[in-house]
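Novice: here is the input, now give the coordinates:
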Amino acid sequence: MLLDFAYNFKNFLDNHCFPYGHRSAGKYCADSREFLMQSKSDASCENNFECKSNVCISGKCLDQSFLDRIIAFFKRLFGIDSNGQSNETSSAQNQD
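Specialist: Below is the predicted model of the structure:
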């Protein structure tokens with residue numbers, strides 16, 4: 001009896017998820033309490049955790065490389081290097 005309970009409980013845990021939005025092994029916990037596969041780029045979404053990239057904007061999953069290009073653009077625009085410092089700060093430190 002105890003073994004049956006343990007088996008059924010483990011089976012329940014393996015097939016049901018909680019809390020909502022939890023991500024594991026390329027899947028996320030949906031509001032139906034089931035694990036669903038995360039979506040690729042251009043798929044429709046409502047929440048970030050539904051996307052493999054973890055980026056859902058305007059109802060679409062965005063590719064992480066697209067987001068990286070946007071961030072790189074703003075870093076160049078504001079003169080920030082890969083260490084998070086402004087190019088002016090980096091230049092001043094190199095002169096010391």
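Novice: where does the protein have low pLDDT?
Specialist: Residues of the chain meeting the criterion pLDDT under 70: 1-16, 82-96.
Novice: again, 90 this time
Specialist: Where the chain drops to pLDDT under 90, the residues are 1-20, 22, 24, 31-34, 63-74, 76, 78-96.
Novice: care to break it down by domain?
Specialist: Per the record, the chain has its domains at 1-37, 42-85, by automatic domain parsing.
Novice: all helices of this structure, in order?
Specialist: With helices called from DSSP state H, the chain shows them at 2-15, 64-77, 87-95.
Novice: which one of the domains of the chain is the most hemmed in?
Specialist: Highest mean neighbour count among these (mean count of other Cβ atoms under 10 Å): domain 42-85, with a mean of 13. C-betas here are computed from N, CA, C, even on glycine.
Novice: residue 61 versus residue 37, what's the distance?
Specialist: 12 Å (Cβ to Cβ, to the nearest Å).
Novice: apologies, that question was intended for residue 54.
Specialist: In terms of Cβ to Cβ, residue 54 sits 9 Å off from residue 61.
Novice: ok, residue 17 next?
Specialist: 20 Å.
Novice: swap in residue 46?
Specialist: 11 Å.
Novice: then residue 44?
Specialist: Taken as Cβ to Cβ, the span from residue 44 to residue 61 is 8 Å.
Novice: what does residue 70 give?
Specialist: Taking Cβ to Cβ, one finds residue 70 at 15 Å from residue 61.
Novice: list the contacts for residue 57?
Specialist: If you count contacts by Cβ atoms under 8 Å, 6 or more residues apart in numbering, residue 57 has none.
Novice: okay, and the beta partners of it?
Specialist: residue 60 (DSSP bridges).
Novice: now it: how far from residue 81?
Specialist: The spacing between residue 57 and residue 81, counted by Cβ to Cβ, is 27 Å.
Novice: how about residue 28?
Specialist: Noted for residue 28: a distance of 35 Å to residue 81, by Cβ to Cβ.
Novice: cool, residue 55 as well?
Specialist: Counting by Cβ to Cβ, the gap from residue 55 to residue 81 is 24 Å.
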